[in-house]
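only geometry, no sequence info:
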Ligand SMILES: Nc1ncnc2c1ncn2[C@@H]1O[C@H](COP(=O)(O)OP(=O)(O)OP(=O)(O)O)[C@@H](O)[C@H]1O
């Protein structure tokens, strides 16, 4: 597979960014980390906005920069689309005017994706005649992403595009972003400090900490690593499971999912039977039992085996990693519960999750896409 190959060092005073990384040019790669860890600095380097960085960046077979040879391809010749936190639109133009501007300018690069494809992917048809000053934050971001796609980039860089939006607006826009790599065969590097967005959107993630890569890999794998501790969040820590829709229950407005032979019940998801969905389980919403409970309002009971226990010396809590059919599920429970239940590696347990604690999925797939 073609790669974005990065070997870069950049210093600002006491801050040192050092990244050696090969990012597959497919799907969504999240660049994740706390504020100030260097995410935007790296994105600026990839887009050609920072000439001072030492080292190299190669996009497939193209050398974008190499300080050893002095090569440097400027931004406008990299074929990179960059979307910032705040949608930078032309306020004197309508939505259609903003999109048409980008469309006309990039005609010589090609005619794919078409204007109509992009409008459809971001559901902008009802907004085309509106002034961009009359849009909500989420709508503005959809227009900004569409406009960038119409510049026909080879790589899309999104720098916290949802940071300024509330939960509802985020939920509206996430499925649109999730669909872009498959629909337009465009790889995305997505900067965020939200574990939730990573879990719902990304295929792979790179965790940056103080300018260095602390972890990398498929999202499911990295988010289930309890050794990363606060780097992947305490309150927000959790894992993502890929499950298949196996039924809808109209009476109770619930959807039944199959996760590797075990059932999950979630509030109704719009998706056809057979479709795959990603659901996120936050560690703090998972409880553990050593016997199958009865007489409980919790509907989701998965069986598994404790793989790892990490007690936090400075808090009342411990993180327990449970193997559920080969997938790691994290539970944040008290150290007292760990001691009381005798939770230790190899111990069979039941994982309990309230259905409302399962984050709504952002994307559905056909099974052959997964
Ligand atoms: N042009 C600059 N001049 C001096 N210092 C800079 C410059 N750009 C970034 N820095 C410093 O580099 C470090 C990394 O900044 P960067 O913006 O890459 O972090 P980030 O992970 O994107 O943070 P956030 O999530 O808050 O946007 C910070 O300490 C920042 O102050």
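Here it is on my side, so go on. All values derive from a computational prediction rather than experimental measurement.

burial count for the residue in the stretch 201-350 of the chain positioned nearest to the ligand?
Residue of the stretch 201-350 of the chain nearest the ligand, by CB to the nearest ligand atom: residue 208 (6.7 Å). C-beta here means a position set from N, CA and C on the backbone, and glycine is covered the same way. Residue 208 has 27 neighbours, counted by other CB atoms under 10 Å.

pretty sure it is touching residue 38, no?
Yes - the criterion here is CB atoms under 8 Å, and residue 208 meets it with residue 38 at 5.4 Å.

which ones are touching the closest residue to residue 160 other than its chain neighbours?
Excluding its sequence neighbours, the residue lying closest to residue 160 (CB to CB, 6 or more residues apart in numbering) is residue 85, at 4.8 Å. By CB atoms under 8 Å, 6 or more residues apart in numbering, the contact list for residue 85 reads 159-161, 163-164.

helix, strand, or coil at residue 85?
coil (DSSP: H, G, I helix; E, B strand; the rest coil).

mutual contacts of residue 208 and residue 38, please.
Residues within reach of residue 208 and of residue 38 at once, by CB under 8 Å, 6+ apart, are residue 19.

interface residues of the stretch 51-200 of the chain facing the ligand?
Along the stretch 51-200 of the chain, the residues adjacent to the ligand under the rule CB under 6 Å from any ligand atom are residue 193.

now the residue nearest to residue 128 when sequence neighbours are not counted: which helix or strand?
What sits nearest to residue 128 in space, not counting adjacent residues and going by CB to CB, 6+ apart, is residue 96, at 4.3 Å. Element membership for residue 96 (DSSP states H and E) is helix 95-105.

contacts for that helix, please.
So helix 95-105 is contacted by 89-90, 93, 115, 118-119, 124, 127-132, 135, 143, 146-148, 150-151 (CB under 8 Å, 6+ apart).

please check those residues and keep the buried ones.
Those of the contacts of helix 95-105 that meet the buried threshold are 89, 115, 118-119, 124, 127, 132, 135, 143, 146-148, 150-151, by 16 or more other CB atoms under 10 Å.

out of those, who's nearest the ligand?
Nearest to the ligand among the buried ones among the contacts of helix 95-105, counting by CB to the nearest ligand atom, is residue 148 at 18.9 Å.

that closest one in helix, strand or coil?
Residue 148 - assigned by three-state DSSP - is helix.

what's near enough to touch it?
Here residue 148 is in contact with 81-83, 102, 156 (CB under 8 Å, 6+ apart).

go on, residue 26?
The contact partners of residue 26, by CB under 8 Å, 6+ apart, come to 1-2, 181, 187, 203.

one more pass at 6 Å, please.
Listed by CB atoms under 6 Å, 6 or more residues apart in numbering, the contact partners of residue 26 are residue 187.

which parts of this structure are helices?
39-47, 95-105, 115-121, 137-149, 167-184, 195-201, 219-223, 335-341 (DSSP state H).

could those helices go into CSV alongside mean pLDDT?
Formatted as CSV, the helices of the chain follow (pLDDT from 0 to 100):
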stretch, mean pLDDT
helix 39-47, 95
helix 95-105, 91
helix 115-121, 93
helix 137-149, 92
helix 167-184, 88
helix 195-201, 88
helix 219-223, 90
helix 335-341, 96
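
any idea which of the ones you listed gets closest to residue 27?
helix 167-184 (5.1 Å; CB to CB).

tell me what that closest one is packed against?
helix 137-149 (3 or more CB pairs under 6 Å, 6 or more residues apart in numbering; DSSP states H and E).

just want the angle from the helix it packs on to helix 95-105.
Interaxial angle of helix 137-149 relative to helix 95-105 (axes from the mean of the first three to the mean of the last three CA atoms, to 10 degrees): 20 degrees.

and the angle for helix 137-149 with helix 167-184?
With the same axes, to 10 degrees defining the directions, helix 137-149 sits at 20 degrees from helix 167-184.

near the ligand, anything from stretch 25-43?
Yes - counting by CB under 6 Å from any ligand atom, the ligand has neighbours in stretch 25-43: 33, 35-41.

find the pair from the residues you listed with maximum spatial separation.
Across those, the longest distance by CB to CB is 12.3 Å; it joins 35 and 41.

compare these two (neighbour count), which wins?
Between residue 35 and residue 41, counting by other CB under 10 Å, residue 41 is the more crowded of the two (20 against 7).

list the residues that contact that one.
Neighbouring residues of residue 41 by CB under 6 Å, 6+ apart: residue 17.

the residue of the stretch 101-250 of the chain found nearest the ligand: neighbour count?
Per CB to the nearest ligand atom, residue 193 is where the stretch 101-250 of the chain lies closest to the ligand, at 5.2 Å. Each residue near residue 193 was counted by other CB under 10 Å, and the total is 19.

one step back: pLDDT at the residue nearest to residue 160, what is it?
Residue 85 is assigned a pLDDT of 79 by the prediction.

what's the answer for the one 5 residues further on, then?
The predicted local distance difference test score for residue 90 is 90.

how much space separates the nearest residue to it once chain neighbours are set aside from residue 155?
Using CB to CB, 6+ apart and skipping the chain neighbours, the partner closest in space to residue 90 is residue 98 (5.5 Å). According to CB to CB, to the nearest Å, residue 98 stands 21 Å off from residue 155.
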